[in-house]
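A.B. asks: Give the three-dimensional model of this entry:
(4 chains)
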Protein chains: 2
Amino acid sequence: MTDEFDIEDFLPYLLNQAADSAAIEFQRYYKSRFGMLRTEWRVLFHLGRYGTMTAKEICTRARLHKTKVSRAVTALEQKRFLTRQEMARDRRHEHLKLTKAGQAAFADLSAEAKRFDAALTAKLNPQERQILRNCLRQIANL
Amino acid sequence: MTDEFDIEDFLPYLLNQAADSAAIEFQRYYKSRFGMLRTEWRVLFHLGRYGTMTAKEICTRARLHKTKVSRAVTALEQKRFLTRQEMARDRRHEHLKLTKAGQAAFADLSAEAKRFDAALTAKLNPQERQILRNCLRQIANL
DNA sequence: GAATATTAGTTGTTTTTGTAACTAACAACA
DNA sequence: TGTTGTTAGTTACAAAAACAACTAATATTC
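C.D. replies: Just a heads-up that it's a prediction; the model follows:
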């Protein structure tokens, strides 16, 4: 172990700074275009990506607390982006499903995310991009 | 540009997940040991790293809003980790300086940060560590 | 099958953050 | 000098997050 550790290189700090920088612009987009909060976008994207899920499944997969998901689901429902469907077999569960409008918003935001991601990594070469994502996934242990 | 973009690979999302994971344990440490909030730790570390600074300089360097810094400074002052010194030349500025206790806390937290950082990157090889930090700095444009 | 435990999800209350308006000190320039 | 502008930092109020307590449905266990 070398002794050249500088607190400015502290990984949680760098990660946080990078995450903040990266989020700002996209956040502005979904906020102004769809009036969404970050957790709402997260829930939307999980439903768009994986199809119908319960709130609990979203909590697990997105690593969000159930109260945050609960409130985001309510907000998305009010915006008519999703509907709930109670399961007959176990009435505690409710399946969440995007409406047409929700799917349209997901499509729009995904396309924007893709463009945004490309711009963010424009200065990185393919190897760096690969390593960056791998490292991030490992640290997040996803 | 390939067409295989998966929203799960969206960089702001990965960054955020990684940042959250990375922060949790360390956060628990400074919270339980010194009763600090994240912004307080940030301010402390800037003062420890760069010596006496004004609140404004911390804002710029740490990219924190002045209200956050203002509150963190007040909290750190109450914990006797720093003192303020008004400048005679321009009484709007106040130089912030760590007390002995503040320096001790900084030393403790820096050592812990170093251990923590090492653990976090234990599974990465030197090249990956290098690339990861470079990419993060670039994205954060530090 | 009644008592207890668990699970999914909600609601209420407290912290923390974000935004904007404010004060006090200084600067610039007529 | 005195009006206007700018800067450093604080305070007040609104939005959001964190945490704990709750309800309702199902499982478990005796």
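A.B. asks: Pick out the residue closest to the middle of chain A.
C.D. replies: Nearest to the mean C-alpha position of chain A, counting by Cα atoms, centre = their mean, stands A:Arg42 at 3.6 Å.
A.B. asks: Helix, strand, or coil at that residue?
C.D. replies: Under the three-state scheme (DSSP: H, G, I helix; E, B strand; the rest coil), A:Arg42 adopts helix.
A.B. asks: how many other residues sit next to A:Ala107?
C.D. replies: A count of nearby residues for A:Ala107, using other Cβ atoms under 10 Å in any protein chain shown, gives 11. No exception for glycine: its C-beta is placed from N, CA and C like everyone else's.
A.B. asks: so what's the nearest residue to it once chain neighbours are set aside scoring on pLDDT?
C.D. replies: Distances taken as Cβ to Cβ, 6 or more residues apart in numbering or on different chains put A:Gly48 closest to A:Ala107, at 7.8 Å, once the chain neighbours are dropped. The model reports A:Gly48 with a pLDDT of 96.
A.B. asks: can you check A:Asp3 too?
C.D. replies: With respect to pLDDT, A:Asp3 has a value of 62.
A.B. asks: rewinding a little: shouldn't the residue nearest to the centre of chain A be in contact with A:Ala62?
C.D. replies: Yes: A:Arg42 is within contact range of A:Ala62, at 5.3 Å (criterion: Cβ atoms under 8 Å).
A.B. asks: And the helix ranked longest in chain A, what does it pack against?
C.D. replies: Ranked by residue count and defined by DSSP state H, the top helix of chain A is helix A:11-34. Judged by 3 or more Cβ pairs under 8 Å, 6 or more residues apart in numbering or on different chains; DSSP states H and E, helix A:11-34 is in contact with helix A:38-50, helix A:100-120, helix B:11-34, helix B:100-120, helix B:126-139.
A.B. asks: Of these, give the one that comes closest to DNA strand D.
C.D. replies: Evaluated over the helices and strands packed on helix A:11-34, closeness to DNA strand D peaks at helix A:38-50, with 5.3 Å, by Cβ to the nearest atom of the strand.
A.B. asks: Next up, the contacts around A:Gly48.
C.D. replies: A:Leu98, A:Gly102, A:Gln103, A:Phe106, A:Ala107, A:Ser110, B:Ile7 (Cβ atoms under 8 Å, 6 or more residues apart in numbering or on different chains).
A.B. asks: ok, now which ones touch the residue lying closest to A:Leu109 once chain neighbours are set aside?
C.D. replies: Spatial nearest neighbour of A:Leu109, excluding adjacent residues (Cβ to Cβ, 6+ apart): A:Tyr30 at 5.9 Å. Taking Cβ under 8 Å, 6+ apart, we find A:Tyr30 in contact with A:Met36, A:Trp41, A:Leu109, A:Glu112.
A.B. asks: can we see that at 7 Å?
C.D. replies: A:Met36, A:Trp41, A:Leu109 (Cβ atoms under 7 Å, 6 or more residues apart in numbering or on different chains).
A.B. asks: same thing with A:Cys135?
C.D. replies: By Cβ under 7 Å, 6+ apart, the contact set of A:Cys135 is B:Leu124, B:Glu128, B:Leu132.
A.B. asks: Spell out which parts of chain A neighbour DNA strand C.
C.D. replies: Chain A has residues A:54-56, A:59, A:66-67, A:69-71, A:73-74, A:92-94 near DNA strand C, with proximity defined as Cβ under 7 Å from any atom of the strand.
A.B. asks: Among those residues, find the lowest-pLDDT one for me.
C.D. replies: A:Arg92 (79).
A.B. asks: In three-state terms, label that residue for me.
C.D. replies: Applying three-state DSSP: A:Arg92 is coil.
A.B. asks: what's it sitting at in phi/psi?
C.D. replies: When read as degrees, to the nearest 10, the backbone of A:Arg92 gives phi -80, psi -30.
A.B. asks: That one: neighbouring residues, count only.
C.D. replies: Neighbour count for A:Arg92, taken as other Cβ under 10 Å: 8.
A.B. asks: Quick check: A:Tyr50 vs B:Gly35, distance?
C.D. replies: Per Cβ to Cβ, to the nearest Å, A:Tyr50 is found 40 Å from B:Gly35.
A.B. asks: With neighbour numbers in mind, choose between the two.
C.D. replies: More crowded of A:Tyr50 and B:Gly35, by other Cβ under 10 Å: A:Tyr50, with 13 against 10.
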